[in-house]
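K.L.:
Have a look at this prediction, sequence included:
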Amino acid sequence: MNETVAPAKAIAGAITLPGDKSISHRYGMLGGIAEGTTTIHNYSTGADCQSTLACMAALGARIERVDGKIILHGGRLREPAEQLDAGNSGSTIRMLSGILAAQGFTTRIGGDESLSRRPMDRVIRPLTEMGAHIEGRQLSGRSGSFPPLTIHGRPLHGIDYALPMASAHVKSCVLLAGLFAAGDTIVREPVRTRDHTEIALQEFGAEMEVHQRVIKLAAGAHLTGRELVVPGDLSSAAFFLVAALLLPEANLVIHNVGLNPTRSSLLDFLTGAGAAIKVIDVKQSGGELIGSLRIRASKIKGGVIEGALTAALIDEIPVLAILGAASSGGLVVRDASELRVKETDRIAAIESNLRRMGVEIETAPDGFRIPGGQSFHATAIDSLGDHRIAMAFAVAALAADGPCTILGAESAGVSFPEFFSTLREIAH
């Protein structure tokens with residue numbers, strides 16, 4: 001499916017976004033293994049999070065959808081009748097592998113063509129240290145293991161694991177495996193990553209200790225069902241924040257967005273670059289901060305994303321690249337080699353599509369440099385089947401000199417099926 005996005009002069013209105021993708025995955029998995037009933041309000045409508053629910057259902061969790069709520073009746077998992085399908089979701093396969101590694105049965109889990117090219121050694125390695133037995137697929141010309149994975153469940157033991165890279169997926173995988181392990185599980189992070197797993201585990205009843213970048217999960221956790229509200233997805237909000245900053249007129253309010261401090265780097269970066277963003281109506285729910293954002297048109301200076309900031313903004317970099325091209329000072333991104341192994345090679349996708357729009361960019365193995373003060377020319381954009389590329393360049397199209405066609409626009413449905421209708425609602 002293709003979408004045509006016309007240029008706009010203003011972004012205005014008030015919107016509410018679907019539930020945070022990262023939090024929805026974690027609530028769906030924990031609700032599926034917790035004793036009793038878990039009720040989740042505002043669960044993500046994205047295909048990735050639906051893949052998590054489908055996997056939990058195949059593993060024996062009973063799932064009801066009532067008045068927009070997800071109700072999970074969890075407990076002991078059972079062997080699935082067939083291979084689990086994680087779809088396009090790296091979050092699903094990587095985090096769920098930690099749970100599956102400790103079950104008393106063998107599971108195969110795979111996904112679509114894109115997921116089948118994503119490396120899995122980063123979770124296989126620590127799980128193997130915990131006693132797991134996991135077999136992956138070999139790809140010609142590439143080292144390591146790839147989906148589908150065959151996970152032979154067996155008793156696990158806790159480990160003290162230093163993450164070799166900043167990855168909330170790997171951290172979460174190890175902690176979820178630790179729920180079933182003999183002995184405590186400790187994870188040490190090189191830089192702080194999003195802590196939704198730690199918060200969710202505590203909400204469901206696990207005993208945790210968190211000291212800066214060291215997380216300790218006590219053995220013998222007993223999880224019980226909860227009623228929880230998923231905040232609006234800040235990563236989805238990023239597209240509309242950038243849209244408001246690209247155009248000459250803007251007055252936009254985004255209601256009930258997650259404001260977790262480990263995700264606040266996006267707002268810190270934008271305000272530091274000159275964005276007029278105001279946070280209002282802050283509250284807490286389920287251990288997570290929630291608030292609304294008001295943004296007005298602003299002159300953006302640009303900036304540098306590197307080191308720990310890169311890890312914190314890894315999902316937002318495609319749309320920040322668009323903002324960088326329009327900013328006065330441009331954008332430099334370093335330490336972002338992780339972008340090469342997302343749904344597509346996002347550095348290559350950013351480069352090819354910006355060049356199509358007449359924008360200069362210099363790339364490196366782990367990042368890129370985009371000079372500021374550039375304009376966008378109308379063209380056809382190839383999403384390459386990547387939801388964040390499709391949405392980022394739809395935002396760029398708002399500031400182009402004519403209508404742009406987004407090829408493969410349906411890929412936005414992986415995280416945000418309502419994206420294009422929401423964009424049309426506020427673009428004037």
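P.N.:
Nice, thanks for sending it over.
K.L.:
Okay, domains of this protein per the record?
P.N.:
Segmentation of the chain into domains, based on automatic domain parsing, reads 3-19+231-426, 21-161.
K.L.:
Show me how far the first one is from its chain's centre.
P.N.:
Offset of domain 3-19+231-426 from its chain centre (C-alpha atoms, centre = their mean, to the nearest Å): 14 Å.
K.L.:
By mean pLDDT, point me to the weakest helix or strand of the chain.
P.N.:
Across the helices and strands of the chain, the lowest-confidence element by mean pLDDT, DSSP states H and E is helix 308-313, at a mean of 91.
K.L.:
tell me the secondary structure for Glu209?
P.N.:
In three-state terms, and counting by DSSP: H, G, I helix; E, B strand; the rest coil, Glu209 is strand.
K.L.:
Let me know the distance separating it from Leu289.
P.N.:
Taking C-beta to C-beta, to the nearest Å as the criterion, Glu209 is separated from Leu289 by 21 Å. C-beta here means a position set from N, CA and C on the backbone, and glycine is covered the same way.
K.L.:
Give me the more crowded residue out of these two.
P.N.:
Neighbour count, other C-beta atoms under 10 Å: between Glu209 and Leu289, Leu289 has more, with 17 against 12.
K.L.:
Checking my notes, that one in a strand, right?
P.N.:
Yes. The assignment for Leu289, made by three-state DSSP, places it in a strand.
K.L.:
coming back round to it: restricting to C-alpha, output the least confident helix or strand of the chain in CSV.
P.N.:
Output of helix 308-313 as CSV, limited to C-alpha atoms (Å, rounded to 0.1, in the frame of the first residue of the first chain):
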residue,chain,number,x,y,z
ALA,A,308,24.9,7.1,25.8
LEU,A,309,22.6,9.5,24.0
THR,A,310,22.7,7.3,20.9
ALA,A,311,21.5,4.3,22.9
ALA,A,312,18.7,6.4,24.4
LEU,A,313,17.5,7.8,21.1
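K.L.:
any idea which helix or strand comes after it?
P.N.:
Toward the C-terminal end, the helix or strand that comes next after helix 308-313 (DSSP states H and E) is helix 317-326.
K.L.:
How about residues contacting that next one?
P.N.:
Residues outside helix 317-326 that contact it (C-beta atoms under 8 Å, 6 or more residues apart in numbering): 238-239, 242, 245-246, 269, 273, 300, 302-303, 305, 310, 313, 330-331, 333, 336, 339, 346, 349-350, 354, 359, 361, 368, 370-376, 388-389, 391-393, 395-396, 399.
K.L.:
just the buried members of those?
P.N.:
When the contacts of helix 317-326 are checked for burial by 16 or more other C-beta atoms under 10 Å, the buried set is 238-239, 242, 245-246, 269, 273, 300, 302-303, 305, 310, 313, 330-331, 333, 336, 339, 346, 349-350, 354, 359, 361, 368, 370-372, 374, 376, 388-389, 391-393, 395-396, 399.
K.L.:
among those, which are in helices?
P.N.:
For the buried ones among the contacts of helix 317-326, the ones inside helices are 238-239, 242, 245-246, 269, 310, 313, 346, 349-350, 354, 388-389, 391-393, 395-396, with DSSP state H as the criterion.
K.L.:
For Gly220, give its distance to Glu207.
P.N.:
From Gly220 over to Glu207 the distance is 8 Å, taken as C-beta to C-beta.
K.L.:
just Met120 next, same as before
P.N.:
The separation that Met120 has from Glu207, given C-beta to C-beta, amounts to 29 Å.
K.L.:
residue contacts, Asp53?
P.N.:
For the record, residue 53 is Leu, not Asp. Applying C-beta under 8 Å, 6+ apart to Leu53 gives the contacts 28, 43, 63, 70.
K.L.:
cool, and Asn2?
P.N.:
With C-beta under 8 Å, 6+ apart as the criterion, the residues that contact Asn2 are 405-409.
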